[in-house]
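**Q** Show me how the following folds:
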Amino acid sequence: MNLLTLFIFSILSLSSIAGVLTDVPSALKFHFGDYEVEREQVFLTSKTIKELERISKAKFESRIYSVYEAKSNGRRIMSGILETHLLRSRTQTLFIIFDKKGKIVSTQVLAFYEPEEYIMSPEWFSQFKTKSINDRMQPGDDVVKVSGSTISYNETASAIRRMTTLYNYIYK
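**A** A predicted model of the protein is given here:
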């Protein structure tokens, strides 16, 4: 009987893990519509990472990032950066969209492998809209804290600061 209870509990626990919410092609279609889309890989050196960490006040977990550019008639209209980072013991992947001036247009969670009650809501993400490298984006300062999701909101805000800094490094 104990094995059956453990099995049922395990199955129910797994169902609370959110997983992949949308794939990259769907996110590109949603955010970039019918624009031409080009993907580039950005490779960062150790020296560059140290400088970006200093500016963003957040640790970079990767040296390679995928950047997508939405173009019209060969001119960049928007850019999106994929960012995957560790929360507690599992990862979250964000797609952060910037206008050509470096202001955040939108942030979408593509994958979330922690329990779904820790995922930040679209309303929470909306507070980053129009933010740029000139904004602090610090929880408790100009970013709302979420009770019971301390790691999620801290790490998510850090990821957004990292990508805002990376955007500025790439395009400024």
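**Q** which residues touch the residue nearest to residue 63 when sequence neighbours are not counted?
**A** Residue nearest to residue 63 in three dimensions, not counting chain neighbours: residue 44, with 4.8 Å by CB to CB, 6 or more residues apart in numbering. (Each C-beta comes from the backbone N, C-alpha and C, glycine too.) With CB atoms under 8 Å, 6 or more residues apart in numbering as the criterion, the residues that contact residue 44 are 52, 60, 63, 64, 65.
**Q** Now a ChimeraX select for only the buried ones of those residues.
**A** What follows is the ChimeraX syntax selecting those of these that are buried according to 16 or more other CB atoms under 10 Å:
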select :52,60,65
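**Q** between the contacts of residue 44, which is closest to residue 32?
**A** For these, the closest approach to residue 32 (CB to CB) belongs to residue 65, at 17.3 Å.
**Q** What's opposite the closest one in the beta bridge?
**A** Taking DSSP bridges as the rule, residue 65 bridges to residue 42.
**Q** ok, back up a step: farthest pair in the contacts of residue 44?
**A** Spatially, the most separated pair among the contacts of residue 44 is 52 and 64, at 13.4 Å (CB to CB).
**Q** Now flag whichever of the contacts of residue 44 is closest to residue 118.
**A** Distances from residue 118 to these, taken as CB to CB, are shortest for residue 60 (22.3 Å).
**Q** Quick check, that closest one in contact with residue 52.
**A** Yes - using CB atoms under 8 Å, residue 60 is in contact with residue 52, at 6.1 Å.
**Q** Identify the contacts common to the two.
**A** Between them, residue 60 and residue 52 share the neighbouring residues 44, 162, with contact defined by CB under 8 Å, 6+ apart.
**Q** which stretches of this structure form helices?
**A** 2-15, 24-32, 46-56, 122-126, 150-171 (DSSP state H).
**Q** Could I get these in JSON lines, plus columns for mean pLDDT and distance to residue 73?
**A** JSON lines is the format used below for the helices of the chain (pLDDT from 0 to 100; distance: least, CB to CB, whole Å):
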{"stretch": "helix 2-15", "mean pLDDT": "44", "distance to residue 73": "47"}
{"stretch": "helix 24-32", "mean pLDDT": "97", "distance to residue 73": "15"}
{"stretch": "helix 46-56", "mean pLDDT": "97", "distance to residue 73": "31"}
{"stretch": "helix 122-126", "mean pLDDT": "94", "distance to residue 73": "30"}
{"stretch": "helix 150-171", "mean pLDDT": "95", "distance to residue 73": "19"}
